[in-house]
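Asker: generate a structure from the sequence data that follows.
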Amino acid sequence: KKNNNNNNDTTIPRNTDTRMAPSTIEMTTNAALSIKHVSAYDLKKATEKINTGIGFFDHMLDQLNSHAQIGIAVQVTSDAADNCFGDKNRHASYDQKALVELVGNDLGRELGDILMGASCSETTTADAVGKRKRDGDSTCSRFCCPLDEALVECTITYPPAEGTSCGLGKFALAPYGIFPKTGRSKVGHWKTDTVQHFFDCLGKGMGAHITLNKLRGHNGHHIVESAFKAFSRALRNLIDIRKGKPEEVMWGADSESFQAGVAMKREASLARKTKETSISVDLKLDGLGDVSVVSGVKAFDGLLTEIALQSGMSLQVNCNGDLWVDDHHTTEDVSIAVGKVLNQALGSKGGLNRMWTSSATEGGAQVEVVMDLSNRPCLTHDLDLSLHNEEKVDDISIEMIEHVFDSLVMNGQMTVHIVQLQAGKAGELTTAAARAFGKALRKCIAVDPRRAGATASSKGTLSV
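Answerer: Alright, predicted model coming up:
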């Protein structure tokens, strides 16, 4: 993959709208912007840095390095005499819409070249964008990124399906937060009204059709971050699929990923005894699906068994609890213990896939679980467990079902969004949620050998 030291003829005039503010004057010049360098390397680190002159924009672009595993480098310069790469927000007062257009177009072309290479296309000429629409069958990749205060869904279709165009389709991220009620106008120094234009230009440059949809979110920073992470993950999966490596090849029982997990011998155990419960838990992440859960609450045993079987782990749980009181202490304490053991077995989480989205059905219910082994525990859900005015699912109190998932998530140190796609009875929703939870967990705990033990995070760690 080549470096593109671009002597771009397109220049961007600095915003000439001079506004007075208390004790400040926005200076204007005749300076113009251009791309000094842009490059994208699949599964390699870039040798240059990201420096567009808008700090938060740089931080968002860096998500492609961490989550798409594409080495991104973009440098924007101006002909202003005071141009200084050390000033991370030196271009904040320029025409930001034009700046993101410049970056989106050029970076999109670099990403498009990677997609064409993954598709074994021989087209490398200047009309590549138009040709991409005719190269092979369309592939659609979808990913949702769960943050504690936002959940954004992204789809990328390459080449665009018949009847759709390159660029941005549905875009629904606004408002960017709830303070003020209309949402934030800037995050850091990046104007939120230019986010949409960036993704449109990026999609056109790639020769792909992109959609971004906020499912939940009230924090402006996290809404934008979730969008970039969802895009990055969807792009990584799209490239893998175009290379002939679908999910089963990447993460299945015969994959390099699975063998790497087995070699790590990821297992943990715990014994816990209080006046209310006596519990033992043994867990092997890369087991053979040997599952036995005996708590005295059969419906709860079934819930944990479903999670374990779908995740591919081996799990042995025994509990002697005060069921003469009710089911509360048993279900809560066992869930806490299983969450703790899971987190212990995961270790530092370095080299893991970390995030995934899975859905499942049971009866008339359909549920999607979006999971991140984030070390930032948070459970958000919209399961309507009261729709049919039930008190119990077999022998477990319905009020304990949310408590079970919350205890698993908090002690497993993960961020989880549970999304009800189709309603059902409480038992159907519970089973569908447990099934989807296990399926998502299976992909999250998978080792990605390409990461060589590195943490999938722009921070470089999940431990602090």
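Asker: and the host helix or strand of V152, what does it pack onto?
Answerer: With elements taken from DSSP states H and E, the one containing V152 is strand 150-158. Contacts defined by 3 or more Cβ pairs under 8 Å, 6 or more residues apart in numbering; DSSP states H and E place strand 150-158 against strand 139-147, strand 209-217, helix 220-242. Placement of C-beta: from N, CA and C, glycine included.
Asker: which strands or helices does the helix or strand where A337 lies pack on?
Answerer: Element membership of A337, judged by DSSP H and E, is helix 328-346. Here helix 328-346 touches strand 267-273, strand 277-284, helix 298-311, strand 314-321, helix 399-412, going by 3+ Cβ pairs under 8 Å, 6+ apart.
Asker: returning to that earlier point: so for Q420, which of the helices and strands packed on strand 150-158 sits nearest?
Answerer: Ranking the helices and strands packed on strand 150-158 by distance to Q420, with Cβ to Cβ as the measure, places strand 209-217 first at 11.4 Å.
Asker: parallel or antiparallel, which strands does that closest one pair with?
Answerer: Sheet pairing for strand 209-217, assigned by DSSP bridges, gives strand 150-158 (antiparallel), strand 167-172 (parallel).
Asker: which residues does that strand contact?
Answerer: 144, 147, 149-158, 160-161, 164-173, 177, 199-200, 202-203, 223, 226-227, 230-231, 380, 417, 419 (Cβ atoms under 8 Å, 6 or more residues apart in numbering).
Asker: now, of those residues, which are buried?
Answerer: Neighbour counting over the contacts of strand 209-217 (16 or more other Cβ atoms under 10 Å) leaves 144, 147, 149-158, 160, 166-169, 171, 173, 177, 199-200, 202-203, 223, 226-227, 230-231, 380, 417, 419 as the buried ones.
Asker: ends of stretch 240-259, how far apart?
Answerer: The straight-line separation of the ends of stretch 240-259 (Cα to Cα, to the nearest Å) is 19 Å.
Asker: gap between stretch 394-413 and the chain center?
Answerer: Using Cα atoms, centre = their mean, to the nearest Å, the mean C-alpha position of stretch 394-413 is found 24 Å from that of the whole chain.
Asker: can you check stretch 412-420 too?
Answerer: That offset, for stretch 412-420, works out to 12 Å (Cα atoms, centre = their mean).
Asker: turn the helices and strands packed on helix 328-346 into TSV, columns for mean neighbour count, mean pLDDT and distance to R184.
Answerer: What follows is the helices and strands packed on helix 328-346, written out as TSV (neighbours: other Cβ atoms under 10 Å; pLDDT from 0 to 100; distance: least, Cβ to Cβ, whole Å):
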stretch	mean neighbour count	mean pLDDT	distance to R184
strand 267-273	14	97	42
strand 277-284	20	98	42
helix 298-311	22	98	37
strand 314-321	20	98	44
helix 399-412	21	97	28
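Asker: contacting residues around W251?
Answerer: By Cβ under 8 Å, 6+ apart, the residues touching W251 are 257-258, 353, 442-443, 446.
Asker: mind listing the strands for the stretch 51-200 of the chain?
Answerer: In the stretch 51-200 of the chain, the strands defined using DSSP state E, counting those that start in this stretch lie at 70-78, 139-147, 150-158, 167-172, 186-187, 190-191.
Asker: nearest to L342, out of these?
Answerer: Short answer: strand 139-147, nearest of the strands of the stretch 51-200 of the chain by Cβ to Cβ, at 17.1 Å.
Asker: which other helices and strands contact that closest one?
Answerer: Looks like strand 139-147 contacts strand 150-158, helix 220-242, strand 355-362, strand 365-372, strand 415-422 (3+ Cβ pairs under 8 Å, 6+ apart).
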